[in-house]
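A predicted structure for the sequence below; I have some questions about it.
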Amino acid sequence: MGGEPVFTGTRVPVQILFEHLDAGDTIDDFLEGFPSVDRDDVLAVLAIRAASPAS
């Protein structure tokens, strides 16, 4: 994926999650569209994002 972060064991870019959430989708909506992504991985990504200083 050209160095773009992806969810472990998938080719689903993490950025896609943020785009879905920004568009108003829920985590469940995202997981329904990307069943290869694990809920725990989504929650971990969101926790890392929340803990990161704003850029």
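Yes, it's here.

Okay, now the unreliable bits of the protein?
For the chain, the stretches flagged by pLDDT under 70 are 1, 55.

which outside residues touch the longest helix along it?
Across the chain, the longest stretch assigned as helix under DSSP state H is helix 39-51. Under the contact criterion C-beta atoms under 8 Å, 6 or more residues apart in numbering, helix 39-51 has outside partners Phe7, Thr8, Val14, Leu17, Phe18, Ile27, Phe30, Leu31. Yep, even glycine has a C-beta here, placed from its N, CA and C like the rest.

Off-centre distance for it?
With C-alpha atoms, centre = their mean, to the nearest Å as the basis, helix 39-51 stands 8 Å off its chain's centre.

Can I get it in PDB, CA atoms only?
Output of helix 39-51 as PDB, limited to C-alpha atoms (Å, rounded to 0.1, in the frame of the first residue of the first chain):
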ATOM      1  CA  ARG A  39     -13.000  -4.200  16.100                       C
ATOM      2  CA  ASP A  40     -10.100  -4.300  18.600                       C
ATOM      3  CA  ASP A  41      -7.800  -2.900  15.900                       C
ATOM      4  CA  VAL A  42     -10.200  -0.100  15.200                       C
ATOM      5  CA  LEU A  43     -10.400   0.800  18.900                       C
ATOM      6  CA  ALA A  44      -6.600   0.700  19.200                       C
ATOM      7  CA  VAL A  45      -6.200   3.000  16.200                       C
ATOM      8  CA  LEU A  46      -8.800   5.400  17.700                       C
ATOM      9  CA  ALA A  47      -7.000   5.300  21.100                       C
ATOM     10  CA  ILE A  48      -3.600   6.100  19.500                       C
ATOM     11  CA  ARG A  49      -5.200   9.000  17.500                       C
ATOM     12  CA  ALA A  50      -6.800  10.400  20.700                       C
ATOM     13  CA  ALA A  51      -3.500  10.200  22.600                       C
END
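
Nice, that's everything, thank you.
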